[in-house]
Every structure is written in structure tokens, then in C-alpha cells.
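1. Need coordinates for the below:
(chains A and B)
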Amino acid sequence: MKKKILSLTMAAVLAVGTLVGCGSSSSGSKEESTTTEKTEDLSEASGDKITLQLWHYFTSADLDDFEKVIADYNASQDNVEVVSTYVAREDLMNQYTMGAISGELPDIGMIDSPDMASYIQMGVYENIQDLCDEWGEVDNFYKGPLNSCTGTDGNLYGLPHNTNSISLFYNKDLLDAAGCEVPETWDELEEVAAKVTTSDTYGLSICARGDEEGTFQFIPWLYSAGGSIDNINSTESVSALTYLTDMVNNGYMSKEVINWTQNDAKDNFVAGKCAMMINGPWQVPEVEKATFNWGVALLPKDKEFASCMGGENFGVCAGTEYKEEAFNFLTYMLSKDVSAEFCKTAGKFPTRGDAMDILETSWAEDSPYRVFAEEMNYTVARGPHAEWPTISEAVYTAYQAAYIGDKTPQEALDEAAEKIASVWKQ
Amino acid sequence: MKKKKKIISNTTIEGYCFVLPSFIFMLALIGYPLIYNIILSFKNYDVKTFKGNTSVFVGLDNYATLFSDSTFWLVMRNTLLFTIACLIVQFSIGFLFALLFHQKFKLSGPVRGLLLISYMMPMSVTALLSRNMFMTDGGVINVILQNFHLIDQPIEWLTNTKWAIRTVIIANCWVGIPFNMLLLTTGLTGISTEIYESGKVDGANSFQRFFYLTLPLLKPAIMAVLMLGFIYTFKAFDLIYIMTGGGPLNSTDVLGTYAYQLAFSQYKFSMGSAVAVVLFLCLFVVGLFYLKMTMAEEVD
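-> Coordinates of the predicted model:
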């Protein structure tokens, strides 16, 4: 009997490695938070300064610009020291989830705009409506980005930090060699793609991964054809997916796009393996390294121009002791001038009109940013909906099934419509 | 007689004292999450009930949803296919390598050491490398195969639902072969050469020596390798997550990646837990089987 119990427990231990495996990232977060606690203790001991923890996922090019904003703020006053911690985007989302359970959240947290609604619902962010009212500058912000920070109760739970859209990058040299004009409609796009596609070069590259990035890139096509998330299996929606599926089937677009991130798409474009790509303004500094002539144009349209709104938000995290101080930092970071300056160097767009006005004066007449700024007029927002991840999953499963030929566009989107309908029902 | 009994109980208590720290450690770090996870799988913990933890017990609802979902059965099938295929390939090739390098020839040591590189490499590195090597256009594998005219059209290693699972199996075997080889080599060195010598004297040829001496004597090592291999492969996560993320269309999703996706991409925490519990139960049965066997061996 004893032996039996022993063997039972040991079997459990052997098997449990799996569950502990899943939890390994949580132990990482614990380590991190203990170090942050330590720094907090240290700084509190060394002076009366308040330390605010900030989590973000700015990488490479943007990181220095962002660190500069924080350094400037820390130097500008003596009361508060903002300490930033980089966490990779996907890990960061997990950290918020686990932090909300264990109560180990930072004071300020960055988040991708379509995910914000879910995390507001999960209680990761503080309601800052009253502080925003007091501040009185919220009216300067654009409606779309601001919407993504609004909870179901109509209150603000954060402020949009930057916004963006996606447009068409084209390789001027390749287009000229094939005797093509820059495409403005879907028909022209297909025509140009057909002409520039060779054995080494694809006509177009996009990101069609099975994740949020892929959904972000699919939405412009959907809305340009007159379709929408609500009517995802309408004739118009199906025509959008059919168009893209044909691009793959005709060999104008690599099937590999289903594994490509937007960065992979950019790498292929810069390497000259794709004559055109759909991407955002944050890639401009990287594309400038290309050895060929290139340009940016509005995303070609079917019925109307459309693009998808991207961007990041910042919020004050729930349970912080220093809500006002944290909000204070947000107002500094998002003030007209600081925001404009950051966006200028980081290749992003500010979320407030007055900062955009400043930024625009700094652009050259033929700056690619002007195209992206114009594209902003045609952007569609994702959600906001607390169950957006489930909707997004329905969308990316559908287009992936169509691209790899597993289902026809109609079948794939019918299935997506069913999944999305079940979200509305709840 | 009486005195002897007392000695035993003393050492038993002492023994328990030595085990106690690790027992507490495991209880806190393994027992607690395990039980918490099981409880979670019976609740409706998701985006809506997360705040203020307003979730309630819903009995077997999550499991009912799971078992009626065709995706779950696809994932289950993938997991079994992945595990069994990996086990067969890596065990048979690993065994051949173990036998080969057990022969004392020049360079057998260094070459065996080199083979271990793939086992020592971090899984994430292996996964990233394989992802690039198996790209359809311009991936090294397709380029080589095409240059040798072994294939006409590039193989869609990771973009085709049929091929993707095979590709992750190949990548996993690359890591698994040296692991099997290592454990089996240790088993082989444990067999005394005298046994083979007396076998030779009795007139057994090399096949007979392999099937009637090596295999039976190596049985404990073989069973251990197979069981551990099963457990490690069944709970695969990092390799698949990085190589394909479970795609395209769940064709490479295994229980581990599927649980992660449900819990952390779609915030259906309870559903994710339910998948993790299924994963746990499968391995629990295998672990039980393994222990029963090793204990039977010890009694022998």
C-alpha cells in the first residue's frame, strides 16, 4: 500500500514537470519583481524620491528615444524617479495577467491598443477619468486612439501614446524596370505585381501570421472592399479574401507570408526579394538602409481607401500607491512638445492634433511620413472589445485557411462569422 | 530481535528528516500550482470574471466544451503523432549511434562528443535555426534538395498543414537522437565484457550476442529512455511555439502550445487549465507505468 502511494506521488511529480514548465515564466516575473522591490527600497532609503516602475516593449530604434523622454523627466524634477523595464511584447501581456492576480504590477504600463479593452476588463488599469478631467487636455487627442483607452463604463483607463497606420512601400527601381506606375487600385496592384514577379522576386509581401499582427494587416483589405468584422462573410468581405488568396495562388505573394512577421516582410523587401510590401511608418528608418530607390503610397483601394489603426497606450496600473504621480508622468510624456519630439525621432505619430501640427512642419515635402499621415484619415480601429483576441483568432484562422488552400474564402469566412457571432451573443 | 527493530525505526525517522526539506519544497512549488490548476479548470475564469475574482465553479463544463471541440481532438492527435513518431525515430537512430560509438575505434570519442552539440544547444536556438532552414523559398534544406535534383518543386515544410507536423518532428529528433544515444551508451558500458566473451566461447554469433545478450541486459536502460523520451516529447512546447506557433491552422499545435494559446492569447484561463490537466493526466499514467516497472525491476 505504502509503495502504491509512493509510486502515485512520484508519478505525479514526473508528470507535473509539464505544468511547472508552463509556470516557468511566472517564476521569472517573481525574480523581476523582487529586484524592482529592491531598487525601490534602495532609492527610498537614499532619499525621499518616489520610484515609479514602468513596463514597456520599445525595441532597438525607439528604445533610445523613449529612454531619453524618461531621463529628461527624471532630470526635470526632484520628487519622482521613473525606472523603465523592457519586457518583450508577448511576455509583457502575460506579466500583466499574472501581475493582476499576484498584485505585482508596475505603476505605469504600456500596452498594444487592441489588447487594452481586455486588460481594462481584467482590472489591470486604474480609472483615471477624474485626473484627465482635471488635466483638461484630453480634448486635443484624436477620437480613435482615445476610444481604445475607454472602458465599457465610458471612463478613461489610460492615454494613447502613439498611433500609426499601414501603407504601401514600393521598390522604385523594380517598378521602373518593369515599366509600371505606382498602383492605386486593387486591379492596378495585381497588374503591377504580375509584371514585377520573377523567379527571385515576389510582387508583394504582407504579414499574414496567425496572430494580432496578421489581423492588423488583413483589416485594410476587408474594409476597402466594403466588408467588415460584423459582416465577415458578406459578399464584400469574401471578395477581399478571394483577392488576396489569388495573389498567393498566382505566385505574386509567397505562401510563406503566413509565417512572416511585419519585420520579416520588411527584411524581404529591403533584401529586394519583394517589389512591394504593406508596412507601417516605424519601418521607415530601417527601409532607409535599402540600396535601391523606394517610395510610399496609400494602400491601393477597391471601393474605398482603408487602413488599420495601430499604436500603443499607457495606463496607470491598478493598486499603485502613486496614482497621481504616475498620471503626472503621463501628462509630461504626452504633452504637446515632448510627444512631438519623441514621434519625430522614433518614426511614430502623436495621438494629439496639436503635436501632429508641430511634427508636420518638420517633414520634408516628399517625406514618406506625409503619406502615412494622410493614410491616418482612412484608418479603422480594432474593437475596442474585451474579447477582441477571440475575434482576432477567428479572423486570422480564416485567412490562413484560405491562403494555404485548406478552405475556400467563403467557407473560411463563414466559419469566422460563426465564431464572431458567438462572441456577440455572450 | 527487538533491538534490531528499534534501529530500523530510528534510521527511518532520520531518513524522513532528510527527505522533509525537498518534500516541503515540492509541495510548495509543484503541489500548490498543480492543485490550483486543477481547481481553475472547474471554474469559469476568463476576461469577464477575472477582475475581483468573481469566477464560480461550473463543474465539468470546461471539459465538456473541450471534448466537443474538434480542434482539441486535432491537437490530441498531433500530440500523439508527434510523440510516437519522435520516439521511434530518435530511439532507433540513437540506438544505432550508441552501438556504433560503443565500438572502440579512433575518433569514436570526439565524434560522439560532437553529436552531443545538438542536445546541448538551447531549444530556442534550435527552433530558430530550423525555422530558417526549413523556409520554402531560399531555405537551406530546399536549396540543397533542389540542387541535387531530389525534388522539382520546393517542399512547403512549414506552410503546409500536412508537412508542418513532419518538419517539427524532424527538428525534435535532431535534439532527441543524441539524448537517446547518451543514455543507451551509458547502459552499454554497464554490461561487462566478460559476458560477451563467454558468449563467444559458447559459439554465439554477433546477431545472437545482440539479441540474446545486449537487448535483455539493456532492458532497464531502454525502458528508461523510452519513458523519459515519452514524457519530454509529450510536453513539448518551446520548439513548436517558436517554429510554428502551433500553425498553420493548429496543424502543429500540441497540448502544451494549445493550453498556452487558450490561456494567454485568448484569456480563457479555465479552458487552458483544463487542457493542462488533460496533459497532466496522460503523463501521470505513463509515469505510473514507468515507476511500477522500475520497482518491479528492483524487487527482481
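
2. so where does the closest residue to residue A:158 other than its chain neighbours fall, helix or strand?
-> Once flanking residues are discounted, residue A:158 sits nearest to residue A:315: 3.0 Å by Cβ to Cβ, 6 or more residues apart in numbering or on different chains. C-beta here means a position set from N, CA and C on the backbone, and glycine is covered the same way. Assigned by DSSP states H and E, residue A:315 falls within strand A:310-316.

3. follow-up on the earlier one: which residues are in contact with the residue nearest to residue A:158?
-> Residue A:315 sits next to A:108-109, A:111, A:116, A:124-126, A:128, A:149, A:157-159 when contact means Cβ atoms under 8 Å, 6 or more residues apart in numbering or on different chains.

4. now, among those residues, which is nearest to chain B?
-> residue A:124 (8.8 Å; Cβ to the nearest Cβ).

5. what's the distance between that closest one and residue B:266?
-> Using Cβ to Cβ, to the nearest Å, one gets 16 Å for the distance from residue A:124 to residue B:266.

6. now residue A:391
-> 10 Å.

7. again, but for residue A:321
-> 32 Å.

8. Quick check on those two: which one has the bigger neighbour count.
-> Neighbour count, other Cβ atoms under 10 Å in any protein chain shown: between residue A:321 and residue B:266, residue B:266 has more, with 20 against 9.

9. Might you report the residue contacts of that one?
-> Residue B:266 neighbours (Cβ under 8 Å, 6+ apart): A:389-390, A:393.

10. ok, it to residue B:57 distance?
-> 21 Å.

11. repeat for residue B:105
-> In terms of Cβ to Cβ, residue B:105 sits 64 Å off from residue B:57.

12. Let's verify the residue of the stretch 101-250 of chain A found nearest chain B: helix, strand, or coil?
-> Relative to chain B, the nearest point of the stretch 101-250 of chain A is residue A:123 (3.5 Å; Cβ to the nearest Cβ). Following DSSP: H, G, I helix; E, B strand; the rest coil, we place residue A:123 in the coil state.

13. surely it meets residue A:386?
-> No. With contact defined as Cβ atoms under 8 Å, residue A:123 does not reach residue A:386; the gap is 11.4 Å.

14. export stretch B:159-175 as CSV, just CAs?
-> The C-alpha trace of stretch B:159-175 is given here as CSV (Å, rounded to 0.1, in the frame of the first residue of the first chain):
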residue,chain,number,x,y,z
THR,B,159,3.4,26.3,-44.7
ASN,B,160,1.5,23.1,-45.5
THR,B,161,-0.7,21.5,-42.9
LYS,B,162,0.5,18.1,-43.8
TRP,B,163,4.2,18.9,-43.9
ALA,B,164,4.4,21.2,-40.8
ILE,B,165,4.0,18.4,-38.3
ARG,B,166,6.6,16.3,-40.0
THR,B,167,9.0,19.2,-40.0
VAL,B,168,8.7,19.8,-36.3
ILE,B,169,9.2,16.0,-35.8
ILE,B,170,12.4,16.2,-37.8
ALA,B,171,13.6,19.1,-35.8
ASN,B,172,12.8,17.5,-32.5
CYS,B,173,14.5,14.3,-33.4
TRP,B,174,17.7,16.2,-34.2
VAL,B,175,17.7,17.1,-30.5
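
15. what comes into contact with it?
-> Applying Cβ under 8 Å, 6+ apart, the external contacts of stretch B:159-175 come out as A:255-256, A:258-259, A:404, A:406, B:78, B:81-82, B:85-86, B:89-90, B:93, B:118-119, B:121, B:123, B:126-127, B:130, B:134, B:136, B:155-158, B:233, B:236, B:239-240, B:243-244, B:247-249, B:251-252.

16. For residue A:123 and residue A:386, indicate the residue with more neighbours.
-> residue A:386 (23 against 17).

17. need the contact list for the residue in the stretch 1-150 of chain B positioned nearest to chain A.
-> Distances between the stretch 1-150 of chain B and chain A by Cβ to the nearest Cβ are smallest at residue B:51, namely 3.5 Å. Going by Cβ under 8 Å, 6+ apart, residue B:51 touches A:121-123.

18. Is residue A:82 in a helix, a strand, or coil?
-> Following three-state DSSP, residue A:82 is assigned to strand.
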